[in-house]
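**Q** no sequence on this one, just coordinates:
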């Protein structure tokens, strides 16, 4: 039985929406992008969302707008994909990496210890669908001592008067805390619409705006839309109107707009996202049930009275194994045509960051979880039989590698 890791959800409605775009005569940024932005903002509970061509480009744009200068620091977790820190570097700032908590999200205690007068932003990262402790992060940045040492280096920073929170919610569309959806929990939240995410536009991202007064989110939305097309005063659709060819470049922007043909994919998926999220939850529940008998299996965080997951990944940790054993387990699973993954290689282990002086020994929780983590597949098309097969294959591989005895045939385990 072949099990893929994360195929995109493409059904008849998605195809119909894309074909409608292709036959409309308009395939770049236009009405479908605006419809997706409005639907996305409504879903997460904010007034405005800005579509871009990737999470990374959106983060770079936001950080440039924040006005990072050389020496300005942005706190990020060591345990995340490289894009989180690379965006900071590309925007001219310095990533300050901190360790994580056992739930794989950024350690709020480590954040409090990392804040300095140079700290301009924090980028917490939601992992596998599980949101960070945004309430605790808000508490730290609003403490008198943190505000007292805050040293703004740009007009935006002066207007805010404190450290900005820019959530990396690439994994957490639909997750909630205290009944509010991720996207409405901090200043700015950036989602990924990459091909493997819960909602995809093939490539893409969405910036959700939730800044407090005196910021005007209506005006900021208009400003960011202009920033995505070089700083041009009119988008392509507006320029095609009769007699509207003239435009200006108002400031130095970027070229990171999302085309309508991409937005169409995500728009069709978003319309049925509640049902898709239910299917992802079904998979989580079944994994939890099947793995419960095995004391060596540490499941990821799951829904409780405070928060719910977006069930993006199932980042399983295996207790009391080595990195070499973990890798052998994955290799053994692959022999049965089951695709699993690892999330993530901590950034200090990557060459680009090692050359910048980051050392993995400073992040013991990140390293420990990395060595024991195996991400199991989660996507709406995954059947119960496939889930059973994934778990059976995992159990057989664990027994073969760790206990080194010949297990029962796979299908007899469950």
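**A** Cool, the structure landed. Just so you know, these numbers come straight off a predicted model, no measurement behind them.
**Q** Report the central residue of this protein.
**A** residue 170 (1.4 Å; Cα atoms, centre = their mean).
**Q** I'd assumed residue 191 was in contact with that residue.
**A** Yes. In this structure, residue 170 is within contact of residue 191 by Cβ atoms under 8 Å, at 6.4 Å. Quick note: C-beta positions are derived from backbone N, CA and C, even for glycine.
**Q** So for these two, which residues contact both of them?
**A** Jointly contacting residue 170 and residue 191 under the rule Cβ atoms under 8 Å, 6 or more residues apart in numbering are 55, 197.
**Q** Report the contact partners of residue 253.
**A** Per Cβ under 8 Å, 6+ apart, neighbours of residue 253: 226, 227, 228, 229, 230, 231, 232.
**Q** Swap in 7 Å and give it another go.
**A** Applying Cβ atoms under 7 Å, 6 or more residues apart in numbering to residue 253 gives the contacts 226, 227, 228, 229, 230, 231.
**Q** Residue 282 sits in which helix or strand?
**A** Using DSSP states H and E, residue 282 maps to helix 273-291.
**Q** quick one: buried residues of that helix?
**A** 273, 276, 277, 280, 281, 282, 283, 284, 286, 287, 290, 291 (16 or more other Cβ atoms under 10 Å).
**Q** One more: stretch 105-124?
**A** Judged by neighbour count (16+ other Cβ under 10 Å), stretch 105-124 contains these buried residues: 105-108, 110-112, 114-115, 118-124.
**Q** State the pLDDT value of residue 404.
**A** pLDDT, residue 404: 65.
**Q** next one: residue 345
**A** 98.
**Q** In which helix or strand does the closest residue to it other than its chain neighbours reside?
**A** Spatial nearest neighbour of residue 345, excluding adjacent residues (Cβ to Cβ, 6 or more residues apart in numbering): residue 370 at 6.4 Å. Using DSSP H and E, the secondary-structure element containing residue 370 is helix 364-372.
**Q** So which residues of the chain form strands?
**A** 48-52, 73-77, 94-98, 119-122, 164-168, 176-177, 180-181, 188-192, 205-209, 297-298, 307-308, 314-318, 373-376 (DSSP state E).
**Q** Please identify the deepest-packed of those.
**A** Greatest average neighbour count among the strands of the chain goes to strand 188-192 (a mean of 28), per mean count of other Cβ atoms under 10 Å.
**Q** which helices and strands does that one pack with?
**A** helix 55-66, strand 164-168, strand 205-209 (3 or more Cβ pairs under 7 Å, 6 or more residues apart in numbering; DSSP states H and E).
**Q** quick revisit: out of the buried residues of stretch 105-124, which is nearest to residue 180?
**A** Ranked by distance to residue 180 (Cβ to Cβ), these are led by residue 124 at 15.4 Å.
**Q** wait, that closest one sits on residue 166?
**A** No. Using Cβ atoms under 7 Å, residue 124 makes no contact with residue 166, being 8.4 Å away.
**Q** and the gap between residue 322 and residue 375?
**A** According to Cβ to Cβ, to the nearest Å, residue 322 stands 18 Å off from residue 375.
**Q** ok, now residue 194?
**A** Residue 194 is 15 Å from residue 375, by Cβ to Cβ.
**Q** Ok, residue 143 next?
**A** From residue 143 to residue 375 the distance is 36 Å (Cβ to Cβ).
**Q** And stretch 5-16, what's buried?
**A** For stretch 5-16, by 16+ other Cβ under 10 Å, it's 6, 8, 9, 14.
**Q** Among those, which lie within helices?
**A** Filtering the buried residues of stretch 5-16 for membership in helices, criterion DSSP state H, returns residue 14.
**Q** Of the buried residues of stretch 5-16, which is the nearest to residue 79?
**A** residue 6 (19.5 Å).
**Q** close enough to count as contact, that closest one and residue 377?
**A** Yes. Proximity of residue 6 to residue 377 meets the contact threshold set by Cβ under 7 Å, at 6.4 Å.
**Q** where does the stretch 301-414 of the chain have low pLDDT?
**A** 404-414 (pLDDT under 70).
**Q** the helices in it, which residues?
**A** 323-334, 351-354, 364-372, 384-398 (DSSP state H, counting those that start in this stretch).
**Q** Quick one: residues contacting residue 174.
**A** Contacts of residue 174 (Cβ under 7 Å, 6+ apart): 181, 198, 273, 277, 310.
**Q** Tabulate those (a markdown table), appending distance to residue 386.
**A** Converted to a markdown table, those look like this (distance: Cβ to Cβ, whole Å):
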| residue | distance to residue 386 |
| --- | --- |
| 181 | 29 |
| 198 | 18 |
| 273 | 22 |
| 277 | 19 |
| 310 | 21 |
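**Q** and the two most separated of those?
**A** 181 and 198 (12.7 Å).
**Q** For residue 342, find the nearest of the strands of the chain.
**A** So among the strands of the chain, strand 373-376 is nearest, using Cβ to Cβ, at 5.8 Å.
**Q** Who are the packing partners of the closest one?
**A** Looks like strand 373-376 contacts strand 314-318, helix 323-334 (3+ Cβ pairs under 7 Å, 6+ apart).
**Q** List of residues touching that strand?
**A** So strand 373-376 is in contact with 287, 313-318, 326, 329-330, 340-343, 390, going by Cβ under 7 Å, 6+ apart.
**Q** ok, so of the residues you listed, who is nearest residue 92?
**A** Among the contacts of strand 373-376, and counting by Cβ to Cβ, the member closest to residue 92 is residue 343, at 28.0 Å.
**Q** pretty sure the closest one is touching residue 314, no?
**A** No. Residue 343 is beyond contact range of residue 314, at 9.9 Å (criterion: Cβ under 7 Å).
**Q** Can you pull out the low-pLDDT segments for the protein?
**A** 236-244, 404-414.
**Q** If we use 50, what do you get?
**A** Along the chain, the model assigns pLDDT under 50 to residues 405-414.
**Q** and it, what are its domains?
**A** 12-270, 273-412 (automatic domain parsing).
**Q** Out of those domains, the one nearest residue 1 is which?
**A** Nearest to residue 1 among those is domain 273-412 (4.8 Å), distances taken as Cβ to Cβ.
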